[in-house]
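A.B. asks: Sequence first, then the predicted structure:
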Number of protein chains: 4
Amino acid sequence: MQILFSKSQIVFLKKIENEMNKNRLEAFSDGVIAIIITIMVLEFKVPHESGLKALISLLPTFFCYALSFIFIGIYWGNHHHLLHVVKHVNSGIMWSNLNLLFWLSLVPFATNWMGENNFAASTVACYAVLLNICGISYTILQQTIMSCHQLSPEILSALKKQSRKGIFSLVGYTSAIPLAFVSPILSEILFVLVAIMWIIPDKNIERAIKE
Amino acid sequence: MQILFSKSQIVFLKKIENEMNKNRLEAFSDGVIAIIITIMVLEFKVPHESGLKALISLLPTFFCYALSFIFIGIYWGNHHHLLHVVKHVNSGIMWSNLNLLFWLSLVPFATNWMGENNFAASTVACYAVLLNICGISYTILQQTIMSCHQLSPEILSALKKQSRKGIFSLVGYTSAIPLAFVSPILSEILFVLVAIMWIIPDKNIERAIKE
Amino acid sequence: MQILFSKSQIVFLKKIENEMNKNRLEAFSDGVIAIIITIMVLEFKVPHESGLKALISLLPTFFCYALSFIFIGIYWGNHHHLLHVVKHVNSGIMWSNLNLLFWLSLVPFATNWMGENNFAASTVACYAVLLNICGISYTILQQTIMSCHQLSPEILSALKKQSRKGIFSLVGYTSAIPLAFVSPILSEILFVLVAIMWIIPDKNIERAIKE
Amino acid sequence: MQILFSKSQIVFLKKIENEMNKNRLEAFSDGVIAIIITIMVLEFKVPHESGLKALISLLPTFFCYALSFIFIGIYWGNHHHLLHVVKHVNSGIMWSNLNLLFWLSLVPFATNWMGENNFAASTVACYAVLLNICGISYTILQQTIMSCHQLSPEILSALKKQSRKGIFSLVGYTSAIPLAFVSPILSEILFVLVAIMWIIPDKNIERAIKE
């Protein structure tokens, strides 16, 4: 059958097959991230009374949920952009991806622990440690992908810019650990600042991929 | 390698790549919406006795579940049609999509709160507020997509007709808020009317997309 | 850009686009069914003691889980084959699909109710009623799809054969309702027989689709 | 319409259609596996106190979660590679795939039972039995796929190498069953060794598929 294809068609077919192969890594990651982002809401224990007071008592949990939703959303967005770059999937990429997903899957736990204990120092520090580990895992995935793909200079410089953001985040998270024992609220503010830094759109990587 | 492709093939490849790129946004949204629509059922606490009485006591929860299932289903359908229009995904679309998903993810909570408190006024009002926010978030997503795509007049007019439906919904939800404190049942009737309005198939947008 | 394509390429492109469009309906259904099939396991409450006795006490729950897993699996398989036939998705198909998913989503509830009450008559009858409704919803979906697609005689005859199986199932489920009040175990045996009938592979539809 | 296509285009179209058909089996499996891997984290009951002590008390549960995450991850990776080989999906493949998913779906239960009872002998043995059944189910799936596809000698030899790993695993799991009653810790060490054996990348199958 292969004989029916012209050479360019085979290359073309390969490219589509690669896309689809990659697609499964993306689909699985999307599935896991979608579940992570959604099961957090299961911890919103429905209060047994009605009334505004019952709602207000949920405010710290709500804040935690929103914060973690945004962080997971940021990871999804970055993951989305990063996997654009991938042409072929190997075991290294698979396992560093699974490693990232593992740590992300602990975010709902850390979120709820923090929310249920009203931002007790140790729970905020634990949240910061987890965000740190997630950040490092993402960096490992990025390095693994970069080490087995030849990237164009535009994409490289865009990824470098993103790495800079990553380093800022790690500094922020790490400072939040001791800070939590001084003032948990200051740590939370740090988290919010890091999140805002990531939400501000990063036109560079989008432009680089387009070109 | 690029040299092996004819010009039309490159365009073709680009289109498939775009489809697949968009595909991931759709897949992630589908995942989240699928989870939202399904985890509501987890709140159907299995009654510890058997018998018809146990089932009947679940009727208000069942009504709430069915109502929310339909609302989420409507969002999924509209989202499905809306994303047909998207040609390329950018940060703006990503974040306004995540914003919509965030508010939709709170629907199970509001649903169960209402169901567990037998349609207490404050819980019904809270449900109406949430539906309002979801509707606004959807409108933001629609505007974001429209602002960065050149749309054909047919699709524009179809979207405009849908916006009209959206405005009716917002009016309905907003009236349901004060109404809940007068008669929660009237609010529920309003919700059902809005749902019916959406289920009546909207041939216009389908036709427009086809053409 | 459209001008760059030959006529056959446009048809080709359309077909791929249709596949992808349909793909989203499949992906969403797959997501919901995957969640339904998996969340049932959440009801396997981990016993607080170790030892074989603790495991044995879970046997009725395990049987119910396995039975429902198989039923949902059958629906997934049939759904998979049925959607092969679909060329274009419209509101009718969307809503009859959502209707099917709604009733399927209640299977975990009915399963656990039955398992937790050791096959009390009313719970078994309720399970049978639900299976009936699911079967009818599936038939509605099938009719909706058949009414807006021109099908080849082979596929039509294969679908008709499947409809016969469907009618046998409905007869089985319906008999199981009164039977549950005589002997729940006989009803369970009926369920198992229906499941076996479906698991026996249906080569006809596969062959018809191939041709 | 069919007449508009050249012969090579039809072959090409068929291949894409096959890919997409297969895609749905993959997507469904990915969905189920993604949920299995993530719902385990729901059993991490958030401790009601803050402080390091509360975290430390979760360590056995955490170890169990990590171990099961890795096992499920290994299955996903192998499944990913195995389904590369599939060209057309039939009932046999569907059902042996569902069979594998069924047993995998019990992993969260066995994991939590073990974690909650601090590695009591019977719970560790139960975990080992389940891993055994999963391994056998995977082998059945592999055999089903091999029996209805003509495979190139490279892929066959790669699959054979994997089968060898599979036999080592079964020997490991089976030894862990009686060993659990002597020393649960030794069984756990066996599990870890098996996991490490699988994580070490299997370049053979990747290379074989490439060629």
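C.D. replies: Yes, it's here.
A.B. asks: So for chain A, the centremost residue is which one?
C.D. replies: A:Y75 (1.8 Å; C-alpha atoms, centre = their mean).
A.B. asks: Got the confidence number for it?
C.D. replies: At A:Y75, the model reports a pLDDT of 92.
A.B. asks: Does chain D have contacts with stretch A:106-122?
C.D. replies: Yes: using C-beta under 8 Å from any C-beta of the partner chain, stretch A:106-122 comes into contact with chain D via A:L106, A:P108, A:F109, A:N112, A:W113, A:E116, A:N117, A:A120, A:A121, A:S122. Quick note: C-beta positions are derived from backbone N, CA and C, even for glycine.
A.B. asks: Excluding sequence neighbours, find me the nearest residue to A:L141.
C.D. replies: Closest residue to A:L141 apart from its sequence neighbours, by C-beta to C-beta, 6 or more residues apart in numbering or on different chains: A:S96 at 4.4 Å.
A.B. asks: residues contacting the one you found?
C.D. replies: Remark: with contacts taken as C-beta atoms under 8 Å, 6 or more residues apart in numbering or on different chains, A:S96 is in contact with A:S137, A:I140, A:L141, A:T144.
A.B. asks: neighbour-wise, which of those residues leads?
C.D. replies: Counting neighbours by other C-beta atoms under 10 Å in any protein chain shown, A:L141 leads the contacts of A:S96 with 23 neighbours.
A.B. asks: I figured the residue nearest to the centre of chain A was touching A:I33, is that so?
C.D. replies: Yes: counting by C-beta atoms under 8 Å, A:I33 is a contact partner of A:Y75 at 7.0 Å.
A.B. asks: what do these two both touch?
C.D. replies: By the contact definition C-beta under 8 Å, 6+ apart, A:Y75 and A:I33 are jointly contacted by A:L104.
A.B. asks: Walking through chain A, point out its strands one by one.
C.D. replies: Using DSSP state E, no strands are found in chain A.
A.B. asks: Could you list the contact residues of it toward chain C?
C.D. replies: Proximity of chain A to chain C, by C-beta under 8 Å from any C-beta, involves residues A:G31.
A.B. asks: Closest residue of chain A to chain C?
C.D. replies: A:G31 (7.8 Å; C-beta to the nearest C-beta).
A.B. asks: Tell me who's in contact with that residue.
C.D. replies: Applying C-beta under 8 Å, 6+ apart to A:G31 gives the contacts B:G31, C:G31, D:D30, D:G31, D:A34, D:I35.
A.B. asks: Now the last one: closest residue in space, sequence neighbours ignored.
C.D. replies: I take that to be D:I35. Leaving aside its chain neighbours, D:I35 sits nearest to C:T38 (4.2 Å; criterion: C-beta to C-beta, 6+ apart).
A.B. asks: Flag the shaky bits of chain A, pLDDT-wise.
C.D. replies: Residues of chain A meeting the criterion pLDDT under 70: A:1-21, A:201-211.
A.B. asks: A:I155 touches A:V85, doesn't it?
C.D. replies: Yes: assessed by C-beta under 8 Å, A:I155 is found in contact with A:V85 at 6.1 Å.
A.B. asks: residues of stretch A:104-122 that come out buried?
C.D. replies: Within stretch A:104-122, the residues that qualify as buried are A:104-117, A:119-122, counting by 16 or more other C-beta atoms under 10 Å in any protein chain shown.
A.B. asks: Is it in proximity to chain B?
C.D. replies: No: using C-beta under 8 Å from any C-beta, stretch A:104-122 stays clear of chain B, coming no nearer than 12.4 Å.
A.B. asks: got the contact list for that stretch?
C.D. replies: For stretch A:104-122, contacts defined as C-beta under 8 Å, 6+ apart pick out A:32-33, A:36, A:39-40, A:43, A:60-61, A:63-65, A:67-68, A:71-72, A:75, A:123-124, A:126-127, A:130, A:134, A:180-181, A:184-185, A:188, D:37-38, D:41, D:44, D:46-52, D:55, D:69.
A.B. asks: buried subset of those?
C.D. replies: Taking 16+ other C-beta under 10 Å as the criterion, what is buried in the contacts of stretch A:104-122 is A:32-33, A:36, A:39-40, A:43, A:61, A:64-65, A:67-68, A:71-72, A:75, A:123-124, A:126-127, A:130, A:134, A:180, A:184, A:188, D:37-38, D:41, D:44, D:46-47, D:50, D:69.
A.B. asks: hey, where'd the helices end up in chain A?
C.D. replies: Ranges of helices within chain A are A:7-39, A:52-56, A:59-84, A:91-105, A:107-116, A:121-147, A:153-182, A:184-199, A:203-210, based on DSSP state H.
A.B. asks: closest one to C:W198 among these?
C.D. replies: Closest approach to C:W198 among the helices of chain A is made by helix A:7-39 (27.0 Å; C-beta to C-beta).
A.B. asks: which ones are touching the residue lying closest to A:G31 once chain neighbours are set aside?
C.D. replies: Taking C-beta to C-beta, 6+ apart, and ignoring the residues beside it in sequence, A:G31 has D:A34 as its nearest neighbour in space, at 3.3 Å. With contact taken as C-beta under 8 Å, 6+ apart, D:A34 is in contact with A:F28, A:G31, A:V32, A:A34, A:I35, C:A34.
A.B. asks: Just flag the most distant two among the residues of stretch A:106-122 next to chain D.
C.D. replies: Put simply, by C-beta to C-beta the two of the residues of stretch A:106-122 next to chain D set farthest apart are A:P108 and A:A121, 20.6 Å from each other.
A.B. asks: pretty sure A:A54 contacts A:V46?
C.D. replies: No: assessed by C-beta under 8 Å, A:A54 is found out of contact with A:V46, at 9.2 Å.
A.B. asks: how close does A:T123 sit to chain B?
C.D. replies: 22 Å (C-beta to the nearest C-beta, to the nearest Å).
A.B. asks: Now that residue. Nearest residue, chain neighbours left out?
C.D. replies: In this structure, A:T123 finds its nearest non-sequential neighbour in A:M114, 4.3 Å apart by C-beta to C-beta, 6+ apart.
A.B. asks: and what of A:F62?
C.D. replies: Excluding the flanking residues, the one nearest A:F62 by C-beta to C-beta, 6+ apart is A:F44, at 7.7 Å.
A.B. asks: contacting residues around the one you found?
C.D. replies: Neighbours of A:F44 in contact, by C-beta under 8 Å, 6+ apart: A:L58, A:T61, A:F62, A:Y65, B:L106, B:F109.
A.B. asks: For those residues, name the two members farthest from one another.
C.D. replies: Within these, A:T61 and B:L106 form the most distant pair, 11.7 Å apart (C-beta to C-beta).
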